[in-house]
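Visitor: Turn this into a model:
(chains A and B)
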Amino acid sequence: MRHTISVLVENEFGVLSRVSGLFSGRGFNIESLSVAPTLDPTISRMTIVTSGDDRILEQINKQLNKLIDTIKIIDFTGEDFIEREMALIKVTADENSRAEILRIADIFRGKIVDVTPKCYTVEVTGSPVKVNAIIDLLRPMGIKELVRSGPVVLGRGPKGWKSG
Amino acid sequence: MKLTGSKILLECLLQEGVDTIFGYPGGTVINIYDDLMDSPVKHILTRHEQAAVHAADGYARATGKVGVAIATSGPGATNTITGIATAYMDSIPMVVITGQVPTPLIGNDAFQEADVIGLTRPITKHNYLVRDIKDLAVTMKKAFYIARTGRPGPVVVDLPKDVQIATAKFEYPETVELRGYKPTYSGNMRMVEKAAKMILSAKKPVLYVGGGASLTDAHGELLELAEMIQAPVTTTLMGMASFPTQHDLSLGMLGMHGTYYANMAVTNSDLLIALGARFDDRVTGKIATFAPHAKIIHVDIDPTSIKKNVRVDLPIVGDLRNVLKKLNNKIAEHKDEIESMHSALKPWHDEISGWRKDQPMTYKSSKVEIKPQFVIEKLRELSNDDAIVTTEVGQHQMWAAQFFNFTQPRTFLSSGGLGTMGYGLPAALGAQAAFPKRQVIDISGDGSFQMNSQELATLVQYRLPVKIVILNNNFLGMVRQWQQLFFDKRYSQTCMELPIDFVKLAEAYGATGLRATKPDEVEDVVRQAFETPGPVIMEFKISREENVMPMVPAGAGINEMLLRTA
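Guide: Model (predicted):
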């Protein structure tokens, strides 16, 4: 089963390898990982998408907690949360396909952020499912390159973590 | 007044109450070694960095204090890896200081550069690269704090040479606050109350004790609990010596080479009370058949240990000694129930006595060949009660665990988790440095001993009178045993074909060497060794193909023991 965890860590030298090393060393799966500093520059927030049964997820949470640099873990399993991912997609755009690419981008509330005579770069934001959908629609035009940020998540409702 | 980084480092050690460190000098720690000449901290020069770390480990296990080792950058630091991993697996408090190339050179493949932080990340509780002299004192404070608190473990401090030379005002913080690190010590009272209830209504309880008992010095509380509820006690290799082996309630060790009766008791128990143990595969055997009828209470300071390998009915996170104190008080409130529990436990004790009578821990004696178990028995008989025993890893280690009786805590030092051959001699060195007057015995085999035999030089130089026992079968005995039992006696690379004259080896280093080749010589050799001042090697030419029995074959349940070699 797919799980999303946010980890607040000390924004220190080597902290990313502590976390990624923990996952690889113990055979835990990482589907995606994104990281950036929070409002408090001494703290970074990681969003990790992983998979495993309940026992593995419990170990992942405990092992992350055990790291000295981990300040807080938010496990979104069973929670109501907003999940967003960004993708930049470079698509071949000739006379025949330009209009169609524009139309697809529009449906997904995407933007064309770079234009050359032979290609468009589409920027799109949404849930991973939505990003998958636009990629599927653009694939027939010829995707030259694409990059996905991996999802970031935030719990729904008024509750928040102070520096998060 | 401003001090150099190397002076600050040594001041930090004094502030932490460190009296002895173990190490090996080199280019990137030369400044520290220069200042060491003017410091009251005693330094013991081992002959290998791995041995320095094992010595610090032995010192820590014997005293309960944080062990300290120091090594230079590059190969010095990489040589410490096995020692650090050994300490990590057994949760030993330790600070290892490594020199590093100057900060501007880091990452440039400089001479004797290694990424020590990267290398030691998965085998340390935490590690630090100190890049600014201003951070040095507070980093040392954090390192010692992390090493000794919570579930203890090794912490590496990597110190670039330019930071050792730079100067700063020395201020040692009195306290340290880490927002991501708050170990739970107390143990949830509601859980403790539930545990007390479960214990008082158990019909077939077993106390299963691990290294946590020794790390928290909980032997007193453990004895109190066991005697109060009259529950049998089995220990892991790491829990050995936390409960007196000769006690009526002692079942000895459980697991792969544990006693038959310990394994049968665990298998048939209705309540397994795990105290500072982590259900290692050498203990559980096949998980599916491990304690199948038991509810499990698991007390451990490390939440990751709980429910990692086995299901747990009642977890209690906390310091074992604290939890046991609370638990004992809680149980003691129920005098009547304790009484009725004692009578309810009678059939359980009878059942255990049956297993004990059926398959006692014993061996076939011989008048012709020296049996290794016989040597261990003689050592037990002739050594002092407070003797500290270290072991290497292999058959001799298991024989020591099976046949040496331990009465006092922190007297059995052995590499349990990592299983490091070459651990025992340097660990004995460290323990002897901590307790110069006590008897320290390294029980080893000819294979393991040769992994760190260079430390004989250190023993002689520092007049550390460690008594070394070599159970010599000219084999890597444990692997040979597996080859005999599971690989059709194909002894691939386990015969140490070159016979070593260990008596001469001892003499080459200026130590004493003694040898016994017949059973009737064993006692004399042991007596003579214990009477001889200074380090002594006792070489015993033992029966070559003796096996460690009983044994749970890999993958089998612990109730499916091989009782003797077919």
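Visitor: in the stretch 451-566 of chain B, which spans are helices?
Guide: Under the criterion DSSP state H, counting those that start in this stretch, the stretch 451-566 of chain B contains helices at B:456-461, B:477-486, B:502-508, B:519-531.
Visitor: So for B:Glu377, which of these sits nearest?
Guide: Closest approach to B:Glu377 among the helices of the stretch 451-566 of chain B (C-beta to C-beta): helix B:519-531, 9.3 Å. (Each C-beta comes from the backbone N, C-alpha and C, glycine too.)
Visitor: From the contact counts, what lies against the closest one?
Guide: Helix B:519-531 sits against helix B:372-382, strand B:512-516, strand B:536-541, with contacts defined as 3 or more C-beta pairs under 8 Å, 6 or more residues apart in numbering or on different chains; DSSP states H and E.
Visitor: Tabulate the helices of the stretch 451-566 of chain B (a markdown table), appending mean neighbour count.
Guide: Shown next, in a markdown table, are those (neighbours: other C-beta atoms under 10 Å in any protein chain shown):
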| stretch | mean neighbour count |
| --- | --- |
| helix B:456-461 | 20 |
| helix B:477-486 | 20 |
| helix B:502-508 | 17 |
| helix B:519-531 | 16 |
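Visitor: closest to A:Asp75 out of those?
Guide: helix B:477-486 (42.5 Å).
Visitor: Render the CA-only coordinates of the closest one in PDB, please.
Guide: Extracted as PDB, the C-alpha positions of helix B:477-486 are listed here (Å, rounded to 0.1, in the frame of the first residue of the first chain):
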ATOM      1  CA  GLY B 477      35.600 -24.600  14.500                       C
ATOM      2  CA  MET B 478      32.200 -23.200  14.200                       C
ATOM      3  CA  VAL B 479      32.300 -23.000  10.400                       C
ATOM      4  CA  ARG B 480      33.800 -26.500  10.400                       C
ATOM      5  CA  GLN B 481      30.900 -27.700  12.600                       C
ATOM      6  CA  TRP B 482      28.400 -26.400  10.100                       C
ATOM      7  CA  GLN B 483      30.300 -28.000   7.300                       C
ATOM      8  CA  GLN B 484      30.200 -31.300   9.200                       C
ATOM      9  CA  LEU B 485      26.500 -31.100   9.900                       C
ATOM     10  CA  PHE B 486      25.200 -29.400   6.800                       C
END
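Visitor: got the angle for it vs helix B:372-382?
Guide: Angle of helix B:477-486 versus helix B:372-382, following axes from the mean of the first three to the mean of the last three C-alpha atoms, to 10 degrees, is 140 degrees.
Visitor: Name the residues that touch helix B:477-486?
Guide: B:393-396, B:398, B:445, B:447, B:489-492, B:494-495, B:545-548, B:551, B:553-554, B:562, B:565 (C-beta atoms under 8 Å, 6 or more residues apart in numbering or on different chains).
Visitor: try stretch A:44-56
Guide: The contact list for stretch A:44-56 (C-beta under 8 Å, 6+ apart) reads A:1-11, A:15-16, A:19, A:23, A:28-38, A:57, A:60, A:150-153, A:164, B:307.
Visitor: could you flag which of those are buried?
Guide: Among the contacts of stretch A:44-56, those buried by neighbour count (16 or more other C-beta atoms under 10 Å in any protein chain shown) are A:3-11, A:15, A:19, A:23, A:28, A:32-35, A:38, A:57, A:60, A:150-153, A:164, B:307.
Visitor: what's the longest helix in chain A?
Guide: helix A:54-66 (DSSP state H).
Visitor: Helix or strand next in line after that one, which one?
Guide: Proceeding N to C from helix A:54-66, the next assigned helix or strand is strand A:70-75, under DSSP states H and E.
Visitor: I'd like the helices of the stretch 451-566 of chain B laid out as a markdown table, including mean pLDDT and distance to B:Ile287.
Guide: A markdown table is the format used below for the helices of the stretch 451-566 of chain B (pLDDT from 0 to 100; distance: least, C-beta to C-beta, whole Å):
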| stretch | mean pLDDT | distance to B:Ile287 |
| --- | --- | --- |
| helix B:456-461 | 98 | 42 |
| helix B:477-486 | 97 | 21 |
| helix B:502-508 | 98 | 42 |
| helix B:519-531 | 98 | 41 |
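Visitor: Brilliant, that's me finished.
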